[in-house]
Structure formats: C-alpha cells, structure tokens
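Colleague: The amino acid sequence is not available; the structure is as follows:
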C-alpha cells in the first residue's frame with residue numbers, strides 16, 4: 001500500500017474517531033449507574049439496581065421510570081436504545097430499573113421490586129435534580145404489566161407516598177394484563193412463560 005493511501009486511511013480514521021468523541025461529548029445527560037435500591041440475601045445485587053440519567057440542562061425535572069420487558073425472565077436496565085437521550089432532551093430525568101427474574105423468583109416478587117425502585121426514586125429524586133411529585137411509569141411487555149400492576153394496586157406502594165406522585169403510565173405491548181385468562185388461551189410457549197413467572 002502506498003504511503004499516500006496509508007495517510008488517507010489514517011486521516012479517515014481520525015475523522016471517525018473525532019466524530020464519535022464529539023457525539024459522546026454532546027450527550028444531553030449525566031449517567032449515574034448501578035445504584036442499589038434494595039438488597040436481598042443471596043440475590044444478585046445487579047438485579048435490584050437502577051441507572052439514573054439526569055438532563056444536563058434544567059432542574060426539578062419530571063421523571064420517567066423505565067421498566068424493561070422480557071417475559072419476567074430476561075432483560076436488563078441497560079436495554080434502552082435512545083430513550084435516555086430522547087427524554088433528557090425533553091427535560092425529563094430518565095431512570096431505568098432492574099428487577100429479580102423468573103424462574104428464580106415468582107410473582108409478586110417482580111412487582112414488589114419495581115415498587116421498591118419507585119419508592120427509592122421518590123425518596124431520592126431531589127439528589128438528582130428531579131421532582132418527586134411528577135413520576136411517570138413506562139414499561140414494555142412484561143414491564144408494561146408491572147407498571148400497570150404497581151400503579152393500580154396500592155398494596156405495592158402502601159409503605160410509600162410515591163403512589164400519589166404517579167402522574168401517568170405508558171404501557172407498550174403488554175402481554176399480561178389478565179394473567180388467568182391469558183394462560184387459558186395462550187400458546188404452549190406463552191403458557192410456559194406465564195407458568196415460570198406465576199405458577200400454574
């Protein structure tokens with residue numbers, strides 16, 4: 001390869017590296033990762049932790065709490081695509097939570113973990129320039145089920161004032177709003193997901 005071609009390739013590499021660095025530098029949030037919201041003996045601490053994305057501009061931000069899907073058995077708080085960037089640009093604090101997974105645990109553990117995460121956010125919002133009185137829940141699939149359940153059944157948040165601060169719920173592709181009915185009509189694969197999360 002000629003020296004001229006090597007130089008051109010090197011310059012292209014530098015341009016690409018610089019563009020990536022600039023893009024990362026311009027992220028509209030500050031991320032605080034792996035914050036424990038609860039602790040249980042013998043449980044993986046990562047499954048009871050959350051990530052907070054604080055918008056760089058603004059303060060006293062309303063809060064989006066994201067609950068991942070995954071049939072109550074898989075998934076992770078890091079699977080957010082561009083959500084943190086999108087919502088922090090709109091002035092929201094964005095919080096993504098983990099919860100313990102089946103088959104190691106069964107219902108209502110998932111929901112109680114989510115409720116504990118919401119309570120933690122409510123109690124600590126001021127430390128992250130967020131407004132504890134303006135909480136919005138957003139969940140996908142099993143996460144949508146958990147968001148709905150925690151929001152409408154006050155037993156999960158009975159020890160916290162957080163339930164009065166939930167201002168809205170966004171439910172994406174929920175697979176479990178009526179579990180007993182869904183199990184009766186489910187395919188074998190879907191029924192096995194329900195069984196490992198809820199029993200028979």
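Modeller: Sure, I can see it. Predicted model only: the values in this text are computed from it and were never measured. Numbers count the residues shown, from 1 in each chain.
Colleague: how about the helix or strand harbouring residue 88: buried residues?
Modeller: Per DSSP states H and E: residue 88 is located in helix 83-89. Buried positions in helix 83-89, judged by neighbour count with 16 or more other C-beta atoms under 10 Å: 83-85, 87-88. In short, each C-beta sits where N, CA and C put it, glycine included.
Colleague: just checking, what packs against it?
Modeller: Applying 3 or more C-beta pairs under 8 Å, 6 or more residues apart in numbering; DSSP states H and E, one finds that helix 83-89 makes contact with strand 29-36, strand 49-55, strand 61-67, strand 93-97.
Colleague: what residue lies at the spatial centre of this protein?
Modeller: The residue lying closest to the centre of the chain (C-alpha atoms, centre = their mean) is residue 96, at 2.7 Å.
Colleague: Need the per-residue pLDDT for it.
Modeller: On the pLDDT scale, residue 96 is placed at 98.
Colleague: what sits against it?
Modeller: 50-51, 53, 65-66, 68, 77-78, 80, 83-84 (C-beta atoms under 8 Å, 6 or more residues apart in numbering).
Colleague: circling back to that earlier point, between the helices and strands packed on helix 83-89, which gets nearest to residue 148?
Modeller: With C-beta to C-beta as the criterion, residue 148 lies closest to strand 61-67 of the helices and strands packed on helix 83-89, at 10.0 Å.
Colleague: contacting residues around that closest one?
Modeller: Contact partners of strand 61-67, identified using C-beta under 8 Å, 6+ apart, comprise 54-55, 77, 80, 83, 87, 91-97, 99, 114, 117-118, 121, 125, 129-132, 134-140, 143-144, 146-147, 167.
Colleague: which two in the buried residues of helix 83-89 are spaced the farthest apart?
Modeller: With distances taken as C-beta to C-beta, the most widely separated pair in those is 83 and 88, at 9.2 Å.
Colleague: which residues are common contacts for those two?
Modeller: Both residue 83 and residue 88 are in contact with residue 94, where contact means C-beta under 8 Å, 6+ apart.
Colleague: ok so, going back, can you list the contacts of residue 96 in TSV and add distance to residue 186?
Modeller: Listed next are the contacts of residue 96 as TSV, based on distance: C-beta to C-beta, whole Å:
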residue	distance to residue 186
50	31
51	32
53	35
65	28
66	26
68	21
77	27
78	29
80	28
83	29
84	33
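Colleague: nearest to residue 41, of those?
Modeller: Ranked by distance to residue 41 (C-beta to C-beta), the contacts of residue 96 are led by residue 50 at 19.8 Å.
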